[in-house]
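1. Need a 3D model of the sequence below.
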Amino acid sequence: MNEKESDRSSVISIIIPAYQHARELPACLSSIFDQDYCDFEVIVVDDGSTDGTEEILRPFLSRISYVWQENQGANSARNRGYREARGRLVLFCDADIVMKPNCLKKMVQILESQPDAAYVYCSFMYGWKKFRLWPFDPVRLRRINYIHTTSLIRREYFPGFDEAIHKLQDWDLWLTMLERGQFGVWIPEYLFLAIPHRGGISTWIPGIFYRIPWIRLGLRMRAVERFQIAERIIKKKHHLN
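-> Take a look at the predicted model:
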């Protein structure tokens, strides 16, 4: 990890797991450093990339903490970043996310206005598609995965990502927190864009997409089958029918 410009603790720790995302990282980081809110640290965990990620990050090294590890998967990278983090709030930002300038400021404002909430989440764009989402609803959350990983979480409520889960990791996280009596608050604003990307860590496609005839979306049947297997694993773990 490199030396950062300041050793003081920040309010937000932004954790970016990255695997083969050299092309997307500059836009992601630039959007973070263009925020209206500036009390944050950025931790990039390179999960064994071979695409020149470290070289791409050189212009940002004075402003981020860079951690390299052997390829162990998205959840391992996220948990590693959390262990390095010092903020009282954490935000897991995939490398293909581009934030609007008011994203962090709005999330902090809403979370601090809701002292009983464990986290806040927002509407977002996924390529051309708008995902407006819904207010927090335990029944709906048990039925479908609709909350994106890029949400602002109070540090004391974060249980860690289950490193045995390799898909639908965010759904597993929110269900685990729900089982502990924790809830989120929805921000009905489009605060970030997720850029579609083949491979890599994020490739976040909302579960509802897999229920649309897959051929219309250009999804390969293998991807749909992987989703269905992961869905069964999550439902079994959390005793969902």
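
2. roughly how far out does the longest helix seen in the chain sit from the chain middle?
-> Longest helix of the chain, by residue count under DSSP state H: helix 221-237. The chain centre lies 19 Å from the centre of helix 221-237; the measure is CA atoms, centre = their mean, to the nearest Å.

3. Please apply the same query to stretch 80-87.
-> 14 Å.

4. go on, stretch 100-107?
-> 15 Å.

5. same check, this time on stretch 10-24
-> Distance of stretch 10-24 from the chain centroid (CA atoms, centre = their mean) equals 9 Å.

6. cool, and stretch 164-176?
-> Counting by CA atoms, centre = their mean, stretch 164-176 comes out at 11 Å from the chain centroid.

7. what comes up buried for that stretch?
-> With burial defined by 16 or more other CB atoms under 10 Å, the residues of stretch 164-176 counted as buried are Ile165, Lys167, Leu168, Gln169, Asp170, Trp171, Asp172, Leu173, Trp174, Leu175, Thr176. (Each C-beta comes from the backbone N, C-alpha and C, glycine too.)

8. just to revisit the earlier point, what residues of the longest helix of the chain count as buried?
-> In helix 221-237, counting by 16+ other CB under 10 Å, buried: Ala223, Val224, Phe227, Ala230, Glu231, Ile233, Ile234, Lys235.

9. of all those residues, which comes closest to Val45?
-> Ala230 (22.1 Å; CB to CB).

10. which residues does the closest residue to that closest one other than its chain neighbours contact?
-> In space, and not counting its chain neighbours, Ala230 is closest to Lys167: 3.7 Å by CB to CB, 6 or more residues apart in numbering. In this structure, Lys167 makes contact with Arg226, Phe227, Ile229, Ala230, judged by CB atoms under 8 Å, 6 or more residues apart in numbering.
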